[in-house]
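> Sequence and predicted structure below; questions after.
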Amino acid sequence: MICDTHIAEDEVALIKEKANKKKLFGDLDIEIELAKLIEHVNRRGIEFFDDYFKKVKRVQMSDEDELNLLQSAIRTIQADDKITQEEVNFLKILRVLLNVSNEKIIARFPQVGPDFVDKDRFTDIYFEELYANYIKVKEMPMFDVSDVTDITNEIN
């Protein structure tokens, strides 16, 4: 969601399902959290991703946590049945920032293939160019909170 500068209803529905049925995010009120996310994206624009990637790189996660993060990203991207180049680039950047081994990623996500996970193929220069292009090229539209939250009760 958002990494292709678009919010698809299917992506939002998947996130809400994970939050409400599977309690993936604990007891967080997903409506409030999504509204905060939209506010943050609208305020920071494309720099939101710079913040996100820096946090991913900085936080200490177990291999299982990293695999779960990758799984959430992959499933959310696949939710609308359209995979854009921006989404592929987002996943490539995310993969480089993770420490989990190629073998564990392939075992969990055989559909992604070795080209995606081979961290060694992503040279520093390639990664820096991919990252710089992702951050500088995209302009974020202004999103409306109604894109992610149910406002029907608020309408008179």
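Everything's here; your move. Numbers count the residues shown, from 1 in each chain.
> What strand or helix carries residue 88?
According to DSSP states H and E, residue 88 maps onto helix 85-97.
> and that helix, which residues are buried?
When burial is assessed from 16 or more other CB atoms under 10 Å, helix 85-97 yields the following buried residues: 86-87, 89-97. C-beta coordinates here come from the backbone N, C-alpha and C atoms, glycine included.
> Dump those to JSON lines, plus pLDDT.
What follows is those, written out as JSON lines (pLDDT from 0 to 100):
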{"residue": "86", "pLDDT": "82"}
{"residue": "87", "pLDDT": "83"}
{"residue": "89", "pLDDT": "83"}
{"residue": "90", "pLDDT": "86"}
{"residue": "91", "pLDDT": "86"}
{"residue": "92", "pLDDT": "85"}
{"residue": "93", "pLDDT": "85"}
{"residue": "94", "pLDDT": "89"}
{"residue": "95", "pLDDT": "88"}
{"residue": "96", "pLDDT": "86"}
{"residue": "97", "pLDDT": "89"}
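> that older thread, give the buried residues for the next helix or strand after the helix holding residue 88.
Downstream of helix 85-97, the first helix or strand assigned by DSSP H and E is helix 102-108. Neighbour counts over helix 102-108 (16+ other CB under 10 Å) mark 105-106, 108 as buried.
> Over to stretch 27-40?
If you call a residue buried by 16+ other CB under 10 Å, then stretch 27-40 has these buried ones: 30-31, 34-35, 37-38.
> Where do the helices of the chain begin and end?
Using DSSP state H, the helices of the chain run over 9-20, 30-44, 47-58, 63-78, 85-97, 102-108, 114-117, 124-137.
> So for the last one, mean pLDDT?
Per-residue pLDDT values over helix 124-137 give a mean of 66.
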